[in-house]
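1. Mind looking at a prediction? Sequence and model below.
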Number of protein chains: 2
Amino acid sequence: MAEPTTTVSALRWRDGLELLDQRLLPQRERWISIGGAAAGTRAIRTLVVRGAPAIGIAGAYALAVEARRNPDLPHLRRAARRLATARPTGADLARAVGHVLVAIETAPSAERFERALAAARGLHAADAAACLAMALHGAALFPGEGVALLTHCNAGALATGGIGSALGVVRGVHAQGRLERLYACEARPVLQGARLTAWEATRDGIPVTLLPDSAAASLMASGAVAGVVLGADRVAADGSIANKVGTYALALAAARHGVPFVVVAPTTTFDLACPTGAEITIELRSADEVVRLGRRALAPEGVTVYNPAFDVTPPQLITAIVSERGVARPVNEATVREIAP
Amino acid sequence: MAEPTTTVSALRWRDGLELLDQRLLPQRERWISIGGAAAGTRAIRTLVVRGAPAIGIAGAYALAVEARRNPDLPHLRRAARRLATARPTGADLARAVGHVLVAIETAPSAERFERALAAARGLHAADAAACLAMALHGAALFPGEGVALLTHCNAGALATGGIGSALGVVRGVHAQGRLERLYACEARPVLQGARLTAWEATRDGIPVTLLPDSAAASLMASGAVAGVVLGADRVAADGSIANKVGTYALALAAARHGVPFVVVAPTTTFDLACPTGAEITIELRSADEVVRLGRRALAPEGVTVYNPAFDVTPPQLITAIVSERGVARPVNEATVREIAP
């Protein structure tokens, strides 16, 4: 079997952190140089980079960049705190930034940058390796030929430090010559499915069909979908997951039609300190994402908007959770702990 | 109780048919004069006017306009056939155009236009009356104070010849001083919820909150929604309905959370010749609606798209169907026949 690969990446180190500005895709590919922690915080908050693992890695590198600029420890602690809370829902960011901060705190001043960079690089490499492991575990959950998979948002190379979590599994099935088609939900309001997943799939020669989020339920009813495969921003101890808003509706439709619903998430997104989905903070984002597209108004001025970035899906609706450490199936606290870090 | 009213309308007769160009809302209010059946067919196909009842009335008036231009009977029959099939999913259009054609066929040549116009006006008035009757029947299904309702797409004044079907019910609850809030799903890809329902509600002073379609399931999980109320483009004999894509996913979420799911549809949308939802033709629309917004590309060039305009919801997921003739509850073939034409 060919090993799954990709030509796409969300971030790179070129004597400094560079992020692919995902807000401009699919029209333009622009790399932004991140000069320090403040720029990193801003880039995370404004969705230059998104996807829990990629956010974590970007935060880690951004703190390393800051350590080169100013190795003062109290300063770096403050910068780390701001970076760690740039977005509230994912579990990776705080953990990755904390990991780099520990490397900094245990190093003499002159070595802080080098140690921080090594820590960030380690996280990056570990995530790439985790993606590969998840691709192998996950592809085995969808046996047979002519497999059509449906995904939501972007849990791909653009969301991770490797070939992606959910899209890593898709790439795994594709590398085995068994993928019929990837159905990509567009993921309103920011359209990560249309702008990122469709772009990433097209780039790598994966046959992809784009659909409005609301068309997924009837597509599943038609029998066209062999499995739903998507990522998670946070996995709670009971196996509840927070993921891009719309995930919960997909889980309900999949359950109704007996379509396997598989969550693919590296253990960095596991948060066993969070007992259930009810304790996950759901980020509410601005009305602008819903009522405007560029300069075009999509709704009357001043209308009230409900714009949660994520929703919570309970374990009863999840067929399996795949981490780099294996597969939890059925999904419950015991099986989640087995594949947790 | 104050009678529910609206300041909004989709069409008007001013010595000729005029349609409000709904494609330009909410930015601009432009009325288009429809010079004949061909222009009417085009307007229906391109969504200048949409919503099954409004499409039917527009088609009826458009045939009347054509009868004034050219009263030749074979010509009018051909024009009627083209009008009747401008969009395939709704039941109203073919029926309304057929109704006007009967009036034409039974009239001497000199009276064809007058008779056709009278027939179209009759359909228009009947629909307005049906909306009022449905508002009263439907409002009673949501008793109590502080009622928050969720709707999808636009089943309002812009979709009918009166105060709307689903939005007529919302206006009924509002006129009774009991409406806390209307939640309006945006209805990708054409965004009728964002562009039309939010506009229509704002116009009439109805408190409205807009949300991405995919956020509705978690909103229902939160307990914020007392009922889902929406229209239908076609009601089959078994109580299955075809309505704007996304309706089915809302029905699944409503059932999961015990939220009443109420379909409001005048009997003109009932099609008892269609035994079940499986027999309803679902219109597939162009990729452009999904991949472009104005001139802006939302997805990579040339990506394949699945863009069904409607989906089918089975009767088991529908709490009640309201027509102007009463309420079917529970929904099954017997109760549907009781409130059918």
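-> Nice, thanks for sending it over. On a predicted model such as this, the values are computed, not experimentally measured, just so you know.
2. contacts and neighbour counts: CA atoms only from here.
-> OK.
3. which one's the longest strand in chain A?
-> Once chain A is assigned using DSSP state E, the strand that runs over the most residues is strand A:179-185.
4. Just give me how far that strand sits from the chain centre.
-> Chain-centre distance of strand A:179-185: 18 Å, with Cα atoms, centre = their mean, to the nearest Å.
5. got the CA coordinates for that strand in CSV?
-> Extracted in CSV, the C-alpha atoms of strand A:179-185 (Å, rounded to 0.1, in the frame of the first residue of the first chain):
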residue,chain,number,x,y,z
LEU,A,179,-12.0,5.9,-2.1
GLU,A,180,-14.9,6.5,-4.5
ARG,A,181,-15.5,10.1,-3.4
LEU,A,182,-15.2,12.5,-0.6
TYR,A,183,-18.3,14.6,0.2
ALA,A,184,-17.3,17.9,1.8
CYS,A,185,-19.9,19.9,3.7
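6. which element follows it toward the C-terminus?
-> Following strand A:179-185 in sequence order, the next helix or strand is helix A:192 (DSSP states H and E).
7. who touches that next one?
-> By Cα atoms under 8 Å, 6 or more residues apart in numbering or on different chains, the residues outside helix A:192 that reach it are A:153-154, A:186.
8. What of stretch A:132-148?
-> By Cα under 8 Å, 6+ apart, the residues outside stretch A:132-148 that reach it are A:4, A:162-163, A:165-166, A:168-173, A:177-183, A:224-227, A:264-266, A:322-327.
9. For PyMOL, what selects the buried ones among these?
-> Burial among the contacts of stretch A:132-148 is assessed by 16 or more other Cα atoms under 10 Å in any protein chain shown; the matching PyMOL selection reads:
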select buried, chain A and resi 4+162+163+165+166+168+169+170+171+172+173+178+179+180+181+182+183+224+225+226+227+264+265+266+322+323+324+325+326+327
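10. for chain A, which spans come out with low pLDDT?
-> Under the criterion pLDDT under 70, the flagged ranges of chain A are A:1.
11. Helices of that one, start to end?
-> Along chain A, the segments classed as helices by DSSP state H run A:37-45, A:52-69, A:73-84, A:92-105, A:112-139, A:166-175, A:192, A:198-203, A:216-221, A:247-256, A:288-291, A:333-338.
12. Now do the buried residues in the fourth one.
-> Buried residues in helix A:92-105, defined by neighbour count with 16+ other Cα under 10 Å: A:92-101, A:103-105.
13. Could you pick out the residues of the stretch 1-150 of chain A near chain B for me?
-> Residues of the stretch 1-150 of chain A lying close to chain B (Cα under 8 Å from any Cα of the partner chain) are A:26-27.
14. returning to what we had before: and the helices of chain A as TSV, adding distance to B:K244?
-> Listed next are those as TSV, based on distance: least, Cα to Cα, whole Å:
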stretch	distance to B:K244
helix A:37-45	34
helix A:52-69	33
helix A:73-84	41
helix A:92-105	38
helix A:112-139	34
helix A:166-175	29
helix A:192	23
helix A:198-203	24
helix A:216-221	11
helix A:247-256	16
helix A:288-291	19
helix A:333-338	38
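15. ok, residues contacting the longest strand of chain A?
-> Identification of contacts with strand A:179-185 by Cα under 8 Å, 6+ apart yields A:145-153, A:170, A:173, A:193-194, A:197-198, A:206-213, A:216.
16. List the pairing partners of that strand within its sheet, with orientation.
-> Sheet pairing of strand A:179-185 (DSSP bridges) gives strand A:147-151 (parallel), strand A:208-211 (parallel).
17. between those strands, which one is nearest to A:L19?
-> strand A:147-151 (24.0 Å; Cα to Cα).
18. quick revisit: of all the helices of chain A, which lies closest to B:V336?
-> Distance to B:V336, taken as Cα to Cα, is lowest for helix A:216-221 among these, at 23.3 Å.
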